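A.B. asks: Next one to model:
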Amino acid sequence: MSHYFIEDTTLAKNPKIVDFIVKNEKIMVVSDKGTFSKYRVDLGTRIFINTIIALPLKGDILDLGSGNGIIGISIKKIFSNDVNVSFSDINPYCVELTKKSLTLNDMFADVYLSNGLENIDKKFNHILLNSPISAGKDVCFKLYKEAKDKLFDKGSLLIVIRKDKGALSHKKYLETLFNKVEIIEKDKGYYVLESSN
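C.D. replies: Predicted coordinates for the structure are as follows:
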């Protein structure tokens, strides 16, 4: 079975441009089969982006598991010079799509091919993650632990996860890693959690 968190080279490529409006700004990304929510911006991602853009974000940000780059590109567009956004994904084709999406939006950024954060040497003020629930709880928890180690003091990990996909159990695990874990948004079954020290 194919999943977006692995590279399935058997999938026929059929890239398409997906549009998304955030704060009256048009975002365009190149997306394809083998990425999460391939030809549309799913509800959870919309809720996540709209929650994040209301926060006072500054500094270095990582879009972890960037897929086609929609989350990080939206943040980069809205916050402009206040943030320096980097992207990473385990899937080489997603890295390629993120780079194409950046070019489409006249943007430049560091894009890492990395299993979690193992190929990333720098630290961040904020790490953003649409939790890859289909990969399993162990994968998600490993990402949370790695993310904590890559945050500056007072940095935060922001995730979105459906309540019926284990949001509260993920929150409980995050509380073993971070001093403060808050549900900062609940909308249509999705929780946005912010974890910090």
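A.B. asks: rest of the way, CA atoms for contacts and neighbours
C.D. replies: Will do.
A.B. asks: which stretch of helix or strand covers the most centrally placed residue in the chain?
C.D. replies: Taking CA atoms, centre = their mean, the centroid of the chain lies closest to residue 129, which sits 3.5 Å from it. Assigned by DSSP states H and E, residue 129 belongs to strand 124-130.
A.B. asks: which outside residues touch that strand?
C.D. replies: 45, 48, 57-65, 147, 150-161 (CA atoms under 8 Å, 6 or more residues apart in numbering).
A.B. asks: Buried residues of stretch 152-171, list them for me.
C.D. replies: Across stretch 152-171, burial judged by 16 or more other CA atoms under 10 Å covers 152, 155-163, 167-168, 170-171.
A.B. asks: Check what pLDDT the residue nearest to the centre of the chain gets.
C.D. replies: For residue 129, the pLDDT comes out at 98.
A.B. asks: And it, how far from residue 156?
C.D. replies: Between residue 129 and residue 156 the distance, using CA to CA, to the nearest Å, works out to 11 Å.
A.B. asks: List the buried residues in the strand or helix carrying residue 20.
C.D. replies: Element membership for residue 20, per DSSP H and E: strand 16-22. Residues residue 18 are the ones in strand 16-22 that count as buried (16+ other CA under 10 Å).
A.B. asks: For it, enumerate the helices and strands it packs against.
C.D. replies: Judged by 3 or more CA pairs under 8 Å, 6 or more residues apart in numbering; DSSP states H and E, strand 16-22 is in contact with strand 25-31.
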